[in-house]
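Chemist: This is a predicted model, with the sequence first.
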Amino acid sequence: MNEQHWPRLSPLSTGVRGRCPRCGEGHLFNGFLTIAPACEVCGLDYSFADPADGPAFFVMCFACVPAVLFAIWLEVAFQAPYWVHLVTTLPLLLLTCIPPLRPLKGWLVASQYYYKAEEGRRVIAPSAPEGRTGA
C-alpha cells in the first residue's frame, strides 16, 4: 500500500481555520461545533478528537469573566436599568462567548493530532523477583 507522508502543520494555523490537522485542506467541522467523522480530502478519521469541555472552559475564563465583571461594574457604578444591560451587557456576553468556541475547539483537536495525545492508561510495574522487597 502506498502511504503518503504528510507535512507537520501547525495546530494553530489549521485548527483556528477549522481545517484538517493532517492535510490542512479538508474541513474539521460539519456544523458550528460538530466535528466531522473524517476529512473529505485525506480521509483522516477524527474519532481521536475529544476536546471535551476545553473550549467552554477557556471561553468562560478569558471572555465570560471580564464581560460579567463589566456588567457588575456597570451596575455598581451607575445603577443601570435593565434596558441598559440588555443593550450593552447581553451583546457583549454573546460576542465574547460564542464566536471563540469554534476556533478554540479546532485548535484543541489539531493539537491533539499534532502531539499525538491520547487517553491516559494505567501502567502496572512488573513485580519484583521473589526474595527482593525493593527496599
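Modeler: Arrived safely, thanks for sending. Not measured: the values here are computed from a predicted model. Residues are numbered from 1 along each chain as shown.
Chemist: So what touches the longest helix along the chain?
Modeler: Longest helix in the chain by number of residues, with DSSP state H as the criterion: helix 82-97. Helix 82-97 is contacted from outside by 59-60, 63-64, 66-68, 70-71, 74-75, 78, 80, using C-beta atoms under 8 Å, 6 or more residues apart in numbering. All C-beta spots, glycine's among them, are computed from the backbone N, C-alpha and C.
Chemist: Same check on stretch 49-60?
Modeler: Taking C-beta under 8 Å, 6+ apart as the criterion, the residues outside stretch 49-60 that touch it are 33, 35, 96-97, 100-101, 104-105, 108-109, 112-113, 119.
Chemist: if you set the cut-off to 10 Å instead, what comes out?
Modeler: Identification of contacts with stretch 49-60 by C-beta atoms under 10 Å, 6 or more residues apart in numbering yields 15, 21, 28, 33, 35-36, 64-65, 68, 96-113, 117-119.
Chemist: can you give me the helices for the chain?
Modeler: Here the chain has its helices, by DSSP H, at 11-16, 54-59, 65-78, 82-97, 101-114.
Chemist: from those, which stretch is densest packed?
Modeler: Among the helices of the chain, helix 101-114 has the highest mean neighbour count (mean count of other C-beta atoms under 10 Å), at a mean of 21.
Chemist: Mind giving me the packing neighbours of that one?
Modeler: For helix 101-114, the packing partners by 3 or more C-beta pairs under 10 Å, 6 or more residues apart in numbering; DSSP states H and E come out as helix 11-16, helix 54-59.
Chemist: Tell me how far the first one lies from the chain's centre.
Modeler: The offset between the C-alpha centroid of helix 11-16 and the centroid of the whole chain comes to 11 Å, using C-alpha atoms, centre = their mean, to the nearest Å.
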